[in-house]
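In: Quick one, fold the following:
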Amino acid sequence: MKRSQKEIVANELHECLKKSEISILADYKGVDVEGLNSLRRQLREANSRIQVVKNTLLRRAAEGTQTAELKDFFTGPNSITTTENDPVSPAKILIKFAEDNKKFELKAAVLDGKLLDPEQIKTLSKLPSKEVLLSQFLSVLNAVPTGLVTVLTGVQRNFLNVVTAIKEKKENE
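Out: So this is what the prediction gives:
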C-alpha cells in the first residue's frame, strides 16, 4: 500500500473512531474468512463496523480519540469494532462470536473514555439494548402520573362514598 493510500485509510479510520461511542479491540488470529465475513454481516445489521487494521495505522488513526486508551493493546493481529449508536449490540455480537469461536479473543474496549477489560465487555453485553432501556424508562415515567391520578380520584371516591352513606342513614331514620 502506498503512503498516500495509508494516509487516506488512517484519516477515514480516525473519523470513524472519533464518532464512535465504543471501540472494541479483538485478536482475530485463527478465524477463517467465512467466520469473519459472518461476523461482519451480523455487526452491519447492528449498525456497527469491524475492521482489520495494521497496528501502525491504528496507532496513527487513534491519536486524539478515546480509542488512544487502547494503544497498549495494539500488538499482534487486531480487529477494531466501532459503532456510533448502541454500545451494547456489538458487545453482545462479539461475546457470542467469541464463545462460538475459541480462537477469537477480545482484548479490551473503550467506552466514554474508560478502558474496559474482557470481563467488563461481557457484563456490558448482558445489559438490555438501548431501545429496551428507553421503553422501560418510559413505562416508569408513565406509571407515576397514572398512580397520581389514581390517588387523587381515590380521595373524591371516598368522599362520595361517605356522603352516600350519610344520605342512606338519614333516609333510613
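
In: now for the helix or strand bottoming out on mean pLDDT in the chain, which elements pack on it?
Out: Lowest mean confidence among the helices and strands of the chain (mean pLDDT, DSSP states H and E): helix 130-172, at a mean of 82. Using 3 or more C-beta pairs under 8 Å, 6 or more residues apart in numbering; DSSP states H and E, no helix or strand is in contact with helix 130-172. C-beta coordinates here come from the backbone N, C-alpha and C atoms, glycine included.

In: Where do the helices of the chain begin and end?
Out: Ranges of helices in the chain, per DSSP state H, are 3-19, 33-45, 55-62, 88-100, 118-125, 130-172.

In: Quick one: distance of the fifth one to the chain centre.
Out: Using C-alpha atoms, centre = their mean, to the nearest Å, the mean C-alpha position of helix 118-125 is found 11 Å from that of the whole chain.

In: next one: the second one
Out: On the basis of C-alpha atoms, centre = their mean, helix 33-45 sits 18 Å off its chain's mean C-alpha point.

In: outside of stretch 47-63, which residues touch it?
Out: 6, 9-11, 13-14, 16-17, 28, 36, 39-40, 43, 67-68, 70-71, 74-75, 77-86, 89-90, 93 (C-beta atoms under 8 Å, 6 or more residues apart in numbering).
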